[in-house]
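Visitor: Mind folding the following:
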Amino acid sequence: MLGIFIGLVLLMFLAYRGYSIIWIAPLCAAVVALTGGLDLLPAYRETYMAGFVSFTQSWFPVFMLGAIFGTLMDYTGAAKSIARWLTKVLGPKRAILSVVVGCAVLTYGGISLFVVVFAMYPLALELFREANITRKLIPGAIALGSFTFTMTAMPGTPQIQNLIPMTYFNTTPTAAPIMGIVGSVILLGGGYAYLVWREHKYRAKGEGFVEPEKKASESEVATTEVLPNPFLSFLPLITVIVTLNVFKWDIVVALLAGIVMSMITNPGKYQGFTKSLTNGAVSSITANINTSAAVGFGTIVRAVPGFQSLTNLLLGIKGSPLISEAVAVNLLAGATGSASGGMGIALEALGAKYYQLALETGISPAAFHRIASLSSGGLDTLPHNGAVLTLLAVTGLTHKDSYIDIFITSVALPVVATIAAIILSSLGIY
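Guide: Model prediction:
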């Protein structure tokens with residue numbers, strides 16, 4: 001079991017240093033295999049790659065179609081149109097809420113959070129300028145709307161973090177709706193209250209909006225460009241959500257329907273459709289391989305003799321088995337700096353055991369699904385997380401400027417929401 005911990009610590013250290021999980025996952029898996037007494041080459045070519053390929057086989061279509069959908073919504077201007085309409089409705093007086101809601105609508109509609117960051121930043125900049133709110137709060141607002149409740153808690157969200165547990169627990173995207181809704185209220189309500197409090201603190205110090213050092217010319221162009229009708233722009237998002245949750249279509253078919261609707265509602269953009277399909281497909285490869293690499297690591301962990309000791313340690317945590325699941329997913333999401341990657345490792349190694357426990361204890365498998373999803377969105381956004389680094393780079397801010405707000409909204413509050421969900425499940429409320 002010591003080898004498992006050494007492998008995990010090495011994985012966390014190398015991920016924190018910014019190295020790609022595509023090569024550090026097999027390297028750390030080799031450490032686990034060697035210390036666990038496995039033959040190195042068979043462990044890599046058979047065990048590790050079996051986990052890697054199995055995940056790719058199951059989830060590559062979702063990663064690819066999700067990326068294509070997001071790329072099309074970005075290319076057609078539909079994502080910006082929705083975001084701009086929402087910000088106009090709520091107005092600069094509610095600048096923070098406008099940004100949070102804009103991000104939330106886009107991510108709940110199935111658009112990748114990376115696309116959302118690029119679509120929302122110019123609008124956030126405009127709103128915060130007009131409201132004279134410091135730019136330092138923009139990353140926290142975007143993180144709250146994109147990385148939290150619409151990613152892991154809201155029942156029915158088509159984000160991958162809500163879909164992966166379905167395979168292990170035989171559940172649906174709307175699993176444990178009450179737990180999910182309560183978690184969402186805690187995340188949205190708590191996060192928004194915190195950001196408003198921070199705004200007041202900055203105002204009290206006399207700190208308001210300061211223009212970026214590098215004038216955001218692209219942002220200003222974005223606020224004047226002609227965008228499609230916002231109500232037509234909503235149709236692809238609604239199509240994905242309704243077909244997935246009301247008609248119970250497979251997520252692959254639901255995303256295809258959203259892609260087709262995106263094209264139908266923007267016929268004048270047809271010349272760029274092929275390029276968008278290509279760009280989306282290509283961009284999906286890295287995300288899929290990253291998570292598959294993490295799952296491969298989990299497969300090696302499960303194969304070594306020390307895994308049984310680790311299982312006993314985790315399952316020996318007093319109280320509901322949901323607590324041990326939350327601890328396992330959170331720690332592994334933090335180690336990898338990835339919500340889907342950490343969840344993939346944990347469920348690949350322990351998913352079958354937790355499903356068995358669900359059947360034995362009478363706890364609904366849906367509760368295990370929701371806790372896995374909520375937990376994946378906790379420690380994943382530590383400072384080395386790729387989405388955090390992208391968000392700070394796009395906004396031109398530093399960890400010193402804004403990470404505390406990201407931490408509160410997307411690390412601390414998700415842990416609180418997970419605890420609340422576990423308490424609900426202990427009362428038989430799912």
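
Visitor: Distance-wise, check Gly206 relative to Asn132.
Guide: 11 Å (CB to CB, to the nearest Å). Glycine gets a C-beta too; all of them are placed from N, C-alpha and C.

Visitor: neighbour-wise, which of these two wins?
Guide: Neighbour count, other CB atoms under 10 Å: between Gly206 and Asn132, Asn132 has more, with 13 against 6.

Visitor: How about that one, nearest residue that isn't a chain neighbour?
Guide: Gly208 (4.2 Å; CB to CB, 6 or more residues apart in numbering).

Visitor: and that neighbour, what are its phi and psi?
Guide: Main-chain dihedrals, Gly208, degrees, to the nearest 10: phi -120, psi -150.

Visitor: Next: Leu227.
Guide: phi -120, psi 160.

Visitor: same check, this time on Pro305
Guide: Torsion angles, degrees, to the nearest 10, at Pro305: phi -60, psi -30.

Visitor: From Ala326, how far out is it?
Guide: 26 Å.

Visitor: more neighbours, these two?
Guide: Comparing Pro305 with Ala326 by other CB under 10 Å, the one with more neighbours is Ala326, at 24 against 11.

Visitor: For that one, which residues are in contact?
Guide: 371, 374-375, 418, 422 (CB atoms under 8 Å, 6 or more residues apart in numbering).

Visitor: between these, which is nearest Pro212?
Guide: For the contacts of Ala326, the residue nearest Pro212 by CB to CB is Leu374; the value is 34.5 Å.

Visitor: Would you confirm that Leu97 contacts Gly91?
Guide: No: with contacts counted by CB atoms under 8 Å, Leu97 stays clear of Gly91, the gap being 9.4 Å.

Visitor: ok, these two, which is more surrounded?
Guide: Leu97 (20 against 13).

Visitor: Which pLDDT value goes with Ala216?
Guide: At Ala216, the pLDDT value in this model is 49.

Visitor: swap in Lys93?
Guide: 87.

Visitor: Show the contacting residues for it.
Guide: Ala131.

Visitor: three-state assignment of it?
Guide: helix (DSSP: H, G, I helix; E, B strand; the rest coil).

Visitor: Please apply the same query to Pro383.
Guide: coil.

Visitor: tell me how far the ends of stretch 34-45 are from each other?
Guide: 14 Å (CA to CA, to the nearest Å).

Visitor: So what touches it?
Guide: Counting by CB under 8 Å, 6+ apart, 2-4, 6-7, 26, 29-30, 33, 47, 300, 303-306 sit against stretch 34-45.

Visitor: tell me the mean pLDDT for it?
Guide: 95.

Visitor: and that stretch, which residues are buried?
Guide: By neighbour count on 16 or more other CB atoms under 10 Å, the buried set for stretch 34-45 is 34-36, 38, 43-44.

Visitor: What of stretch 379-388?
Guide: So stretch 379-388, judged by 16+ other CB under 10 Å, has buried residues 379-382, 384-388.

Visitor: just stretch 354-367 next, same as before
Guide: So stretch 354-367, judged by 16+ other CB under 10 Å, has buried residues 354-355, 357-358, 363-367.

Visitor: of all the residues you listed, which two lie farthest apart?
Guide: Leu357 and Ala366 (13.7 Å).

Visitor: By average pLDDT, which secondary structure element in this protein comes out worst?
Guide: helix 217-222 (a mean of 46; mean pLDDT, DSSP states H and E).

Visitor: need the next SSE after that helix, C-terminal direction.
Guide: helix 230-245 (DSSP states H and E).

Visitor: For that following helix, enumerate the helices and strands it packs against.
Guide: If you count contacts as 3 or more CB pairs under 8 Å, 6 or more residues apart in numbering; DSSP states H and E, helix 230-245 packs onto helix 49-75, helix 78-90, helix 95-108, helix 251-264.

Visitor: among these, which is the most enclosed?
Guide: Comparing the helices and strands packed on helix 230-245 by mean neighbour count (mean count of other CB atoms under 10 Å), helix 95-108 ranks first with a mean of 25.

Visitor: Dump the C-alpha coordinates for it into PDB.
Guide: The C-alpha coordinates for helix 95-108 follow below in PDB (Å, rounded to 0.1, in the frame of the first residue of the first chain):
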ATOM      1  CA  ALA A  95     -22.900  42.600 -12.600                       C
ATOM      2  CA  ILE A  96     -21.700  39.700 -10.500                       C
ATOM      3  CA  LEU A  97     -25.000  37.900 -10.700                       C
ATOM      4  CA  SER A  98     -25.100  38.500 -14.500                       C
ATOM      5  CA  VAL A  99     -21.700  36.800 -15.000                       C
ATOM      6  CA  VAL A 100     -22.600  33.900 -12.700                       C
ATOM      7  CA  VAL A 101     -26.000  33.300 -14.400                       C
ATOM      8  CA  GLY A 102     -24.500  33.700 -17.900                       C
ATOM      9  CA  CYS A 103     -21.900  31.100 -17.200                       C
ATOM     10  CA  ALA A 104     -24.400  28.800 -15.500                       C
ATOM     11  CA  VAL A 105     -26.800  28.800 -18.400                       C
ATOM     12  CA  LEU A 106     -24.100  28.000 -20.900                       C
ATOM     13  CA  THR A 107     -22.500  25.200 -18.900                       C
ATOM     14  CA  TYR A 108     -25.900  23.600 -18.000                       C
END
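
Visitor: Need the nearest residue in space to Ser112, chain neighbours excluded.
Guide: Per CB to CB, 6+ apart, closest to Ser112 is Gly70, 4.0 Å.

Visitor: got the contact list for Pro212?
Guide: Per CB under 8 Å, 6+ apart, neighbours of Pro212: 125, 135, 396.

Visitor: Which strand or helix spans Met120?
Guide: Applying DSSP H and E, one finds Met120 within helix 113-131.

Visitor: After that helix, which helix or strand is next?
Guide: helix 138-146.

Visitor: Neighbours of Ala339, how many?
Guide: 30.

Visitor: Enumerate every residue touching it.
Guide: Contacts of Ala339 by CB under 8 Å, 6+ apart are 151-152, 161, 333, 376-377, 380.

Visitor: let's go with 10 Å and repeat that
Guide: 147, 151-152, 159-161, 164, 291, 329, 333, 373, 375-381, 385, 387, 410, 414 (CB atoms under 10 Å, 6 or more residues apart in numbering).

Visitor: For Glu348, give me the pLDDT.
Guide: Reading off the model, Glu348 has pLDDT 90.

Visitor: let me redo that: Ile404
Guide: pLDDT, Ile404: 96.
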